[in-house]
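Asks: what shape does this take:
(one chain, ligands or ions: 1)
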Amino acid sequence: MAALTRLSKSSFSSLSSLSSVSRISRSLYSGFAPDTSSHGATSYSPRLGSTPNLAVKDTKDRSVQWVFLGSPGVGKGTYASRLSNLLGVPHIATGDLVREELASSGPLSQELSEIVNQGKLVSDEIIINLLSKRLEAGGAKGELGFILDGFPRTIRQAEILEGVTEIDLVLNLKLREDVLLEKCLGRRTCSQCGGNFNVASINVKGANGHPAISMAPLLPPAHCMSKLVTRADDTEEVIKHRIHVYNEKSRPVEEFYRSRGKLLEFDLPGGIPESWPKLLEALNLDDYKEKQSAAA
Ligand code: AMP
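Replies: Residues are numbered from 1 along each chain as shown. Below is the predicted model:
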C-alpha cells in the first residue's frame, strides 16, 4: 500500500508535463461530445459553438488529447499515425518509447528486453517515466496535444492519467482475434527507413456472428524488401500471450472510459482502404481534409 502511494505520488509529479500540455490545449479545444442517439452505439460529433470548429481550424491553433485502445495488432499505430498527420498533433506510442529505450543499451535495456520479449507489461513506473520524458521533450519543442497509443494499458495508468489531464476521446479499435494473430505475424519493419509494412494477405470467412474480413498486404517498396525485420515479440506464442495480457489487464481500461462516456467503439471493416474513410466518418472528420485545403 505504501509502495502504491509512493509510486502514485511520483507518477503524478513526473507526469506533470501532461498537465501543462492539457492546460494549453484545453483552452483551445474541448474535444468531442458523446451522442448516443444512433443504434445504441456511442458516436461522436465535434462540439461546436464556443469550441473551435475542428473541421476548419488551422492546425497550429488546435490540439486534441486522444487515447487509442485495442488489442495488439489491431492497427492502433497505423491509424494513430495517420490521424496525427491529419490533425497536426504528436502520435506518442509507449511501445515505441520502450523499443527506443531497449535499443539505447541504457541501464533499463536488459530488463526491458526480457519483459517485452515474453509479451509481458513493463511496470507502470517505468512506462510513466518514459512517457513523462517524451512529453517534456515535446513540450520544450512547443508540441500541443497528443494521440496516445498503447497507454494507458492498466487501470492504474488510466487513473494516473485522469489525475493529471483530461482526455477528450478514447478510440477503441476492434478486430477478430484470429485476424489479430495473422496481422501480427505479417508485421515487418524496414531496418533502414523505419517504415511499417504487413505481408499478410487476410481472407477470413464470416463465422459465429462475425462478418467475413479481407485485408490486402501492405507491401514495402522494392528498396526496403531486403531490409525487412520482424519484431522479437511477434512470434505466435508471444502474440497469443500479449492478447491474453490485453484481455486481462487492458480490457478493464475500456470499461473505465466507457463509464465516463468517452469511449468510441470502432469495428475495423477491413484493411486501410476500407477502414480509413469509415474511421474519419466516425470521428466526424470525413470532410476535414477538403475544408483544410480550401482554407489554406
Ligand atoms: P506495443 O508496441 O504497444 O505492442 O508495445 C510493446 C511492448 O511494450 C508491450 O508488449 C509491453 O511490454 C510494453 N509496453 C508498451 N506500452 C506499455 C504500457 N502502457 N504499459 C506497460 N507496458 C507497455
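Asks: flag every residue of the stretch 51-200 of the chain that's near the ligand.
Replies: The stretch 51-200 of the chain comes close to the ligand at residues 72, 94-95, 98, 115-116, 119-122, 127, 150-151, 153, 157, as judged by Cβ under 6 Å from any ligand atom. Where you see a C-beta, it was placed from the backbone N, CA and C, and this is true even at glycine.
Asks: tell me the spacing between whichever residue of the stretch 1-150 of the chain sits closest to the ligand and residue 80.
Replies: Using Cβ to the nearest ligand atom, the closest approach of the stretch 1-150 of the chain to the ligand is made by residue 95 at 2.0 Å. Separation of residue 95 from residue 80 (Cβ to Cβ, to the nearest Å) stands at 11 Å.
Asks: those two: who's more crowded?
Replies: Neighbours per residue (other Cβ atoms under 10 Å) separate residue 95 from residue 80, with residue 80 holding more: 26 against 19.
Asks: buried residues, stretch 140-153. List them.
Replies: Using 16 or more other Cβ atoms under 10 Å as the test for burial, stretch 140-153 gives 143-153.
Asks: check stretch 272-292 too.
Replies: Of all the residues in stretch 272-292, those buried under the rule 16+ other Cβ under 10 Å are 272, 275-276, 279-280, 282-285, 288, 292.
Asks: likewise for stretch 183-200?
Replies: Across stretch 183-200, burial judged by 16+ other Cβ under 10 Å covers 183-190, 197-198, 200.
Asks: tell me the one of the residues you listed nearest residue 229?
Replies: residue 189 (5.6 Å; Cβ to Cβ).
Asks: look at that closest one and tell me its secondary structure.
Replies: For residue 189, the assignment made with DSSP: H, G, I helix; E, B strand; the rest coil gives strand.
Asks: so how far is the ligand from it?
Replies: 11 Å (Cβ to the nearest ligand atom, to the nearest Å).
Asks: find the nearest non-adjacent residue to residue 265, please.
Replies: residue 172 (5.1 Å; Cβ to Cβ, 6 or more residues apart in numbering).
Asks: and the one you found, what does it touch?
Replies: Contact partners of residue 172, counting by Cβ atoms under 8 Å, 6 or more residues apart in numbering, are 69-70, 254, 257, 263-266.
Asks: that's a strand at it, yeah?
Replies: Yes - judged by three-state DSSP, residue 172 forms part of a strand.
Asks: A helix includes residue 116, no?
Replies: Yes - per three-state DSSP, residue 116 lies within a helix segment.
Asks: hang on, the earlier thing: you'd agree the residue of the stretch 1-150 of the chain closest to the ligand is up against residue 131?
Replies: No - applying Cβ atoms under 8 Å as the test, residue 95 and residue 131 come out as separate, 11.4 Å apart.
Asks: what about residue 71, neighbour count?
Replies: Close neighbours of residue 71, defined as other Cβ under 10 Å, add up to 25.
Asks: give me the phi and psi for the nearest residue to it once chain neighbours are set aside.
Replies: Leaving aside its sequence neighbours, residue 71 sits nearest to residue 246 (Cβ to Cβ, 6+ apart; 4.8 Å). For residue 246, the backbone dihedrals are phi -60, psi -50 (criterion: degrees, to the nearest 10).
Asks: quick check: pLDDT value at residue 246.
Replies: With respect to pLDDT, residue 246 scores 97.
Asks: burial measure for it, as a count.
Replies: For residue 246, the neighbour count with other Cβ under 10 Å is 21.
Asks: any idea how far it is from the ligand?
Replies: 9 Å.
Asks: thought that residue was touching residue 74?
Replies: No - using Cβ under 8 Å, residue 246 is not in contact with residue 74, being 9.3 Å away.
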